[in-house]
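build me a model from this:
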Amino acid sequence: MGSRKAYRTCPLCEALCGLELTLDDAGTVTGVRGDRNDPLSKGFICPKGATLGRLDGDPDRVQEPLVRNSEGSHVPAESWDAAFETVRERLRDVVERHGKDAVAIYIGNPSAHSIAGPLYGGAVRKALGTRNIYSASTADQMPKHVSAGYMFGDPLSIPVPDLDRTSHLLMLGANPLESNGSLCSAPDFPGRLKAIRA
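Residues are numbered from 1 along each chain as shown. So this is what the prediction gives:
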């Protein structure tokens, strides 16, 4: 039984760290480490990235569509089409009884870091017509989006500091040792801070 290496980009945040995956003959991820040849992350990955193999191989990972039955348990749906139809029916019922804003949408990090995620997210928001939209961003980075919107005219125009070429860095209201520099697109933020001090 052999193994092979595959090189990918971590989908969990905007830092986009390079990954070196070890896969067995069945394609199961048996090891995850940082790609030392990645020009941005230089072999660094955070604890979340290091667990991608266990996440991918988790026996409790949902691999088929599930719907809630009348007893409140999740059971396999007959097909993806049947699952989507069940969701549509339940959403129609909630909206008819309580209005569009009785429904909320939550968009997680991996869907924001893919091509299809933002495309489908917008379509779902428009179809539901709800103003209740939440994401990982609303929990940890929305102030940056709001301030960038006021300062630069667009909430997505977030300035990214050039950490590798600065000699003075001032941070207010941030803890990059904990957040790894969220929205800074800088893998190994602690290492970069040490380099600035040096």
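
spell out the secondary structure type for K48.
Assigned state for K48: helix (three-state reduction, DSSP: H, G, I helix; E, B strand; the rest coil).

how about the nearest residue to it, chain neighbours excluded?
L12 (5.2 Å; Cβ to Cβ, 6 or more residues apart in numbering). All C-beta spots, glycine's among them, are computed from the backbone N, C-alpha and C.

give me the neighbour count for the one you found.
20 (other Cβ atoms under 10 Å).

that one in helix, strand or coil?
coil.

which is the next helix or strand following the lowest-mean-pLDDT helix or strand in the chain?
Across the helices and strands of the chain, mean pLDDT, DSSP states H and E gives its lowest value to helix 109-112, namely a mean of 70. On the C-terminal side of helix 109-112, the closest following helix or strand by DSSP states H and E is helix 116-128.

list the buried ones in that following helix?
Neighbour counts over helix 116-128 (16 or more other Cβ atoms under 10 Å) mark G117, G121, L128 as buried.

columns pLDDT and distance to G49 on top of the residues you listed, output as a markdown table?
Listed next are the buried residues of helix 116-128 as a markdown table, based on pLDDT from 0 to 100; distance: Cβ to Cβ, whole Å:
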| residue | pLDDT | distance to G49 |
| --- | --- | --- |
| G117 | 74 | 18 |
| G121 | 79 | 23 |
| L128 | 87 | 32 |
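
mind putting the residues you listed into JSON lines with distance to L172?
Output for these, formatted as JSON lines (distance: Cβ to Cβ, whole Å):
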{"residue": "G117", "distance to L172": "31"}
{"residue": "G121", "distance to L172": "31"}
{"residue": "L128", "distance to L172": "37"}
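
now flag whichever of those is closest to R192.
Within the buried residues of helix 116-128, the smallest distance to R192 is 28.1 Å, found for G117 (Cβ to Cβ).

find the nearest non-adjacent residue to that closest one, please.
Spatial nearest neighbour of G117, excluding adjacent residues (Cβ to Cβ, 6+ apart): S111 at 3.2 Å.

residue contacts, the residue nearest the centre of the chain?
Taking Cα atoms, centre = their mean, the centroid of the chain lies closest to N109, which sits 1.8 Å from it. Residues counted as contacts of N109 (Cβ atoms under 8 Å, 6 or more residues apart in numbering) are P11, L12, C13, S135, A136.

run through this structure and note the low-pLDDT ranges.
The model of the chain has pLDDT under 70 over residues 1, 110, 112-113, 178-182.
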